[in-house]
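> Okay, predicted coordinates and the sequence, questions at the end:
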Amino acid sequence: MFVRSSFVLLAAASLACSLTLPAGSPDGGGPRSGAAGSGAAGAGGASSGDGAGHGGAGAGSGAAGTAGTGGSAGMGGGIGPAGAAGAGGAVGAAGTTGAGGAGNQTWRAPAMIDSGTSPQVAMGGSTAALVWLTLDTAWVVDGRLYKDGAGWGDATRLQGKFAGGWTDAARPVVAMNAHGVAVVAWKQAGNGGTSEPDGAFNFRLPVPPSQGDGWSTPSTTSPGFGFPGGGIADQAVSLGMNDASDRGLWIYGDTGYLRAVDFVGIGTSGTGGTINFSGNHVACPSVSTNIRGDSMAAWVEQPASGPWTVTARRWIPMTSQPPDPITIGTGDPEMIGCPRVAYDDLGRAIAVWTVTSGGTSRITYRTYDATSWGAGATTIDMGALGAFNPDLALSPTGEGAIVWEQATGSAAGAPRDICALHFQLGRGPDATGPQPTGSTPPATSPRIVVAGAGLVVDVWTQAGRVFSNTFTTTGGAWGLANPIDTARASYTSQNPDLATDGKGRAIAAWESTTGGIPDVVVARFE
């Protein structure tokens, strides 16, 4: 079976990325910089509009006379300063809180956080969470919290011991919402007393500083859920970024089942229920939760006979009979890639995966319109050049992007470029189609986020370093790519992850190694 551990879409060479797809117009929510007023005495100055700045748009207006320019948003969408007095007029109003968007954000200097591997990062509000595997007689899960104004806190051991000792963990994942609630899951050996790893879980609630970082006591499927297992399939977690009730979902499983456990704001509820078609082999789930606490999950499964398929299921929290699973994609036997799924606050979703046919891997996606998955899946045809390892991002309002590795030639070992496709649910992909994001082949491991309205950020690795670029809907194109790590002799940067608060900021995390245990490094975009 062709299963990829890094999910999401496309990859393409610069020439291949120039293909134009029939599509709707791009989302128009980009920032504006309004002009100042005319300055005539008594005449109101014009609004400064939604001028972008440091992750947020500040709107300022002058009253009675030339308006002072509106305050640009403070870092992370803060309050802009008051505009200067217009000639013969009053002082312009202060800028309002920014809502994210394209501005003069830059990548800050990277910082080494710890040593270990498999870093994963999530953001929400004024907080961020970083988890990774560190070596302490076994590979165990540690985490740190970032808080605005305080920086990164101390490392916290997120997993528990088994029989008085640490056991190996693998494949940690993390999600966080706008309130700073976080959930973490991973595979952990030993608890079930069998060779199969168990599913394991921990969560964090916002608490006063005097009470620490708010991490809870870890739980595992055995003995916590009364049975061993649940750790062969990769874990998946999600939280509704804007859900006032802090709801989410944890998915765990083995080769024959996937189970979904509700997170209900203060912890998990029950042992979960099976979500896949009975009797099928399953692998690599992905899940996303929206403002209502509803979740959309997607994974691959194989019936007793026939090819692997992509299955999706909508999950409504604390409901005894959620909607049935549905097959949304099929592929050649053994040649379908792991899906990524995203769910917006309007109840719309998109899933993306790869299908290999005729020896060429292609990106395929399908959209959900709040009632159904529509007529069928769409393939992004890049000709005879393969597309691999897609990643997917979606904002709460349905602005999204797919990024992938795009082969630059037809040979199996051809170098790969990084390409991306921007879209708006309800309208479709931009008319310009896939575009190169500025990499120099060979490049790999792309990750992408919608950092704010009209602002997309991606990262990838090339030449042993981590690079990044930004796309804005106002310009309709990607900018100039630059490295965001620090060049160190004999060190290689690899395995990046990327997260955003949706308000114009982002955090990247990656490994930096000379061949031994890597350093865990982070950088902030703000």
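Nice, I can see it.
> Quick one: mean pLDDT over stretch 135-153.
Averaging pLDDT along stretch 135-153 yields 96.
> try stretch 284-291
97.
> Ok, stretch 369-389 next?
Stretch 369-389 comes out at a mean pLDDT of 93.
> so how far is it off the chain centroid?
Centre-to-centre, stretch 369-389 and its host chain are 19 Å apart (CA atoms, centre = their mean, to the nearest Å).
> just stretch 316-336 next, same as before
21 Å.
> For G224, see how far away the closest residue to D136 other than its chain neighbours is.
Leaving out its chain neighbours, the residue that sits closest to D136 by CB to CB, 6 or more residues apart in numbering is W166, at 5.8 Å. The C-beta positions use only the backbone N, C-alpha and C, and glycine is treated the same way. Separation of W166 from G224 (CB to CB, to the nearest Å): 17 Å.
> again with G452
In terms of CB to CB, G452 sits 39 Å off from G224.
> For G273, grab the count of nearby residues.
15 (other CB atoms under 10 Å).
> what's the pLDDT at it?
pLDDT, G273: 88.
> Please apply the same query to G51.
With respect to pLDDT, G51 scores 33.
> pLDDT score assigned to A99?
46.
> so how many other residues sit close to A109?
9.
> residues touching it, list them.
T486, A523 (CB atoms under 8 Å, 6 or more residues apart in numbering).
> separation between it and Q462?
The gap separating A109 from Q462 is 20 Å, by CB to CB.
> Over to G504?
Counting by CB to CB - G504 and Q462 are separated by 26 Å.
> which of those two has more neighbours?
G504 (31 against 21).
> Would you confirm that that one contacts L455?
Yes: using CB atoms under 8 Å, G504 is in contact with L455, at 6.6 Å.
> Okay, and V449 sits in which element?
Element membership for V449 (DSSP states H and E) is strand 443-452.
> Name every strand pairing with that strand and say which way it goes.
strand 455-462 (antiparallel) (DSSP bridges).
> Could I get the average pLDDT for the partner strand?
98.
> what about M318, how many neighbours?
Around M318 there are 11 other residues, counting by other CB under 10 Å.
> hang on, it in a helix?
No: counting by DSSP: H, G, I helix; E, B strand; the rest coil, M318 is not found in a helix; it is coil.
> Pop out the phi and psi values for S210.
phi -70, psi -20 (degrees, to the nearest 10).
> Sorry, slip of the keys, the one I care about is Q211.
phi -100, psi 10.
> got a list of what it touches?
Listed by CB under 8 Å, 6+ apart, Q211 has no contact partners.
> any idea of the mean pLDDT in the one helix or strand A401 maps to?
Here A401 sits within strand 399-407, counting by DSSP H and E. Averaged across strand 399-407, the pLDDT comes to 98.
> What pairs with that strand, parallel or antiparallel?
Strand 399-407 is paired, per DSSP bridges, with strand 387-394 (antiparallel), strand 416-424 (antiparallel).
> Which one of those lies nearest to G153?
Smallest distance to G153 across these (CB to CB): 27.0 Å, for strand 387-394.
> Dump the C-alpha coordinates for that closest one into PDB.
Output of strand 387-394 as PDB, limited to C-alpha atoms (Å, rounded to 0.1, in the frame of the first residue of the first chain):
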ATOM      1  CA  ALA A 387       2.800  15.200  -7.700                       C
ATOM      2  CA  PHE A 388       3.500  14.000  -4.200                       C
ATOM      3  CA  ASN A 389       3.100  14.600  -0.500                       C
ATOM      4  CA  PRO A 390       0.400  17.200  -0.400                       C
ATOM      5  CA  ASP A 391      -0.400  19.500   2.500                       C
ATOM      6  CA  LEU A 392      -3.700  21.300   3.000                       C
ATOM      7  CA  ALA A 393      -4.700  24.600   4.800                       C
ATOM      8  CA  LEU A 394      -8.200  26.100   5.300                       C
END
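> from memory W510 sits against P496, does it?
Yes: W510 is within contact range of P496, at 4.1 Å (criterion: CB under 8 Å).
> which residues are common contacts for the two?
V459, T461, V466.
> among these, who's most crowded?
V459 (30 neighbours).
> Quick check: beta-bridge partners of that residue?
R447, S468.
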